[in-house]
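A.B. asks: fold the following and give me the result.
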Amino acid sequence: MLNRGAYFWGGILIVVGVVLFLANVGILTVDVWKVLIPLVVILVGALTLWAATRPRPVMEAQALRLPLENAARASVRVRFGAGRLQVRGGADASTLVDGTFRGGVESDVRRSGSEAAAELRVPSDFILHVFSPWMWWGGPRLEWDFGLAETVPLSLDVETGASEARLDLTRVLVDHLRLSCGASSVQIQMPAGAAMTKARIESGAASVVIDIPQGVAARIEAESGLANVRVNTSRFPKVDKVYRSADYDSAPHRLDLHIEAGVASVDVN
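C.D. replies: Below is the predicted model of the structure:
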């Protein structure tokens with residue numbers, strides 16, 4: 001599929017180049033741009049419809065397990081592109097990250113004293129595919145599904161592109177969370193057992209649903225441009241510009257949530 005696409009787009013570029021050359025030397029007297037631009041729009045539309053009728057190719061899944069190695073604290077940084085991302089608890093007591101990564105993954109782990117820091121990122125060869133025109137329609141996409149350690153405090157930093165992301169952190173002891181998402185559909189279930197979670201959500205043109213477990217008190221602050229931010233005020237009454245649980249100061253489990261939303265829809269329940 002990759003070779004066919006390369007031949008197709010290579011041929012298109014050669015034809016466009018020849019037409020522009022003939023116009024520049026005066027052999028063609030028509031206004032080339034008045035012809036080329038509508039043709040390009042028609043071609044993009046046709047390819048989009050064609051891709052919608054074709055299944056995406058199935059990519060090989062890569063298994064990855066990163067040991068915790070008795071670390072008392074950990075951080076995980078996720079750099080994800082377009083596709084489907086699922087993050088959850090469920091790793092065993094000796095494991096920091098455990099899951100399958102369809103489309104591949106590159107990882108690094110650094111250890112300092114009793115702390116472990118892991119980074120998961122899109123493979124460099126997959127990034128090259130993204131910038132290839134023949135991969136834009138119906139090309140493979142990433143599918144990552146992995147579990148995190150549930151036994152140690154954790155910092156989690158996630159960046160996604162045009163993706164569908166599900167973060168079930170109910171059983172994970174996340175005390176610092178940062179999520180930056182582009183044109184995405186995102187569902188987040190916040191930690192239920194952490195004493196204090198400080199979370200920052202930065203969204204562009206996204207649909208974001210944030211679920212806060214019962215028994216977790218929250219303080220919620222939202223900065224929105226053209227976003228529609230809806231907060232469950234029966235649980236989190238609004239005082240001035242901040243939504244806040246009545247028992248926030250005394251609750252054993254708390255969430256300090258800051259939301260920055262552009263052209264987005266954000267629901268907090």
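A.B. asks: specify the local secondary structure of Ala23.
C.D. replies: Under DSSP: H, G, I helix; E, B strand; the rest coil, the three-state class of Ala23 is helix.
A.B. asks: and it, how many residues sit next to it?
C.D. replies: The number of residues packed near Ala23 is 17, by other CB atoms under 10 Å. C-betas here are computed from N, CA, C, even on glycine.
A.B. asks: roughly how far apart are it and Ala194?
C.D. replies: 64 Å (CB to CB, to the nearest Å).
A.B. asks: for Val78, same thing?
C.D. replies: Val78 is 19 Å from Ala194, where distance means CB to CB.
A.B. asks: and Ala165, by the same measure?
C.D. replies: Separation of Ala165 from Ala194 (CB to CB): 20 Å.
A.B. asks: again, but for Thr95
C.D. replies: Using CB to CB, we find Thr95 at a distance of 19 Å from Ala194.
A.B. asks: residues contacting the residue most central in space within the chain?
C.D. replies: Taking CA atoms, centre = their mean, the centroid of the chain lies closest to Thr160, which sits 2.2 Å from it. Listed by CB atoms under 8 Å, 6 or more residues apart in numbering, the contact partners of Thr160 are 80-81, 85, 179-182, 184, 186.
A.B. asks: who does it bridge with?
C.D. replies: Note on Thr160: beta-bridge partners by DSSP bridges are Cys181.
A.B. asks: which residues touch the nearest residue to Arg65 once chain neighbours are set aside?
C.D. replies: Closest residue to Arg65 apart from its sequence neighbours, by CB to CB, 6 or more residues apart in numbering: Asp98 at 4.7 Å. Residues in contact with Asp98, defined by CB under 8 Å, 6+ apart, are 64-66, 90-92, 146-147.
A.B. asks: buried set for the helix or strand hosting Asp98?
C.D. replies: In this assignment (DSSP states H and E), Asp98 forms part of strand 95-102. Neighbour-count burial for strand 95-102 flags 95-99, 101-102 (criterion: 16 or more other CB atoms under 10 Å).
A.B. asks: got a markdown table for the contacts of Thr160, with pLDDT too?
C.D. replies: Output for those, formatted as a markdown table (pLDDT from 0 to 100):
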| residue | pLDDT |
| --- | --- |
| Phe80 | 92 |
| Gly81 | 82 |
| Leu85 | 95 |
| Leu179 | 95 |
| Ser180 | 93 |
| Cys181 | 89 |
| Gly182 | 81 |
| Ser184 | 82 |
| Val186 | 93 |
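A.B. asks: of these, closest to Glu115?
C.D. replies: Proximity of the contacts of Thr160 to Glu115 (CB to CB) peaks at Leu179, which lies at 21.6 Å.
A.B. asks: can you give me the mean pLDDT across stretch 259-269?
C.D. replies: For stretch 259-269, mean pLDDT is 88.
A.B. asks: kindly format the C-alpha coordinates of it as PDB.
C.D. replies: The C-alpha trace of stretch 259-269 is given here as PDB (Å, rounded to 0.1, in the frame of the first residue of the first chain):
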ATOM      1  CA  ILE A 259      -8.800  23.700  32.900                       C
ATOM      2  CA  GLU A 260      -7.700  25.800  29.900                       C
ATOM      3  CA  ALA A 261     -10.000  25.200  27.000                       C
ATOM      4  CA  GLY A 262     -10.000  26.800  23.500                       C
ATOM      5  CA  VAL A 263     -12.800  25.800  21.100                       C
ATOM      6  CA  ALA A 264     -13.800  22.800  23.200                       C
ATOM      7  CA  SER A 265     -16.700  21.100  25.100                       C
ATOM      8  CA  VAL A 266     -15.800  20.200  28.700                       C
ATOM      9  CA  ASP A 267     -18.000  18.400  31.100                       C
ATOM     10  CA  VAL A 268     -17.100  17.900  34.800                       C
ATOM     11  CA  ASN A 269     -19.100  15.400  36.800                       C
END
